[in-house]
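Visitor: Fold the following and give me the result.
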Amino acid sequence: MNPKIDGFEWDEGNEQKCQKHGLTKADIEAFFKNQVWIAPDVKHSLQEERFLAVGYSDSGRPMFVVFTLRIQDENTLLRPISARYMHQGEVQKYEQAFTKNEQ
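Guide: Numbering: from 1, shown residues only. Predicted coordinates:
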């Protein structure tokens, strides 16, 4: 999945939740300009469809972002729900899954 994103939807709630893990709006928006692996978040998609994105920040740190897509005035907006840097065990898990899916 590689959706066409026209912009981002931010409010005080999702911005603060992402910042508590040390990431800024700029960090998250830049993350999606890089190559990311995206999958449905089936565990948490009860009220709206959510997605998981895994990739690397501009500085090379592994990141994990949960988001949803919203349509507003015919534009697709990405709304981050949560974002954080990944720990080493997660990096290995996702790299293995990504490599396996590419074969």
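Visitor: CA atoms for contacts and neighbours, from now on please.
Guide: Will do.
Visitor: Point to the residue nearest the middle of this protein.
Guide: For the chain, the residue nearest the mean C-alpha position is V65 (2.9 Å; C-alpha atoms, centre = their mean).
Visitor: Would you mind pulling the contact partners of the strand or helix carrying that one?
Guide: V65 belongs to strand 62-72 when assigned by DSSP states H and E. By C-alpha atoms under 8 Å, 6 or more residues apart in numbering, the residues outside strand 62-72 that reach it are 28, 41, 48-57, 76-87, 91.
Visitor: ditto for stretch 14-30
Guide: With C-alpha under 8 Å, 6+ apart, stretch 14-30 has contacts from F8, S57, D58, V65, P80, I81, S82, A83, R84, Y85.
Visitor: one step back: partners of the strand holding V65 in the sheet?
Guide: Applying DSSP bridges, strand 62-72 is found paired with strand 50-56 (antiparallel), strand 75-85 (antiparallel).
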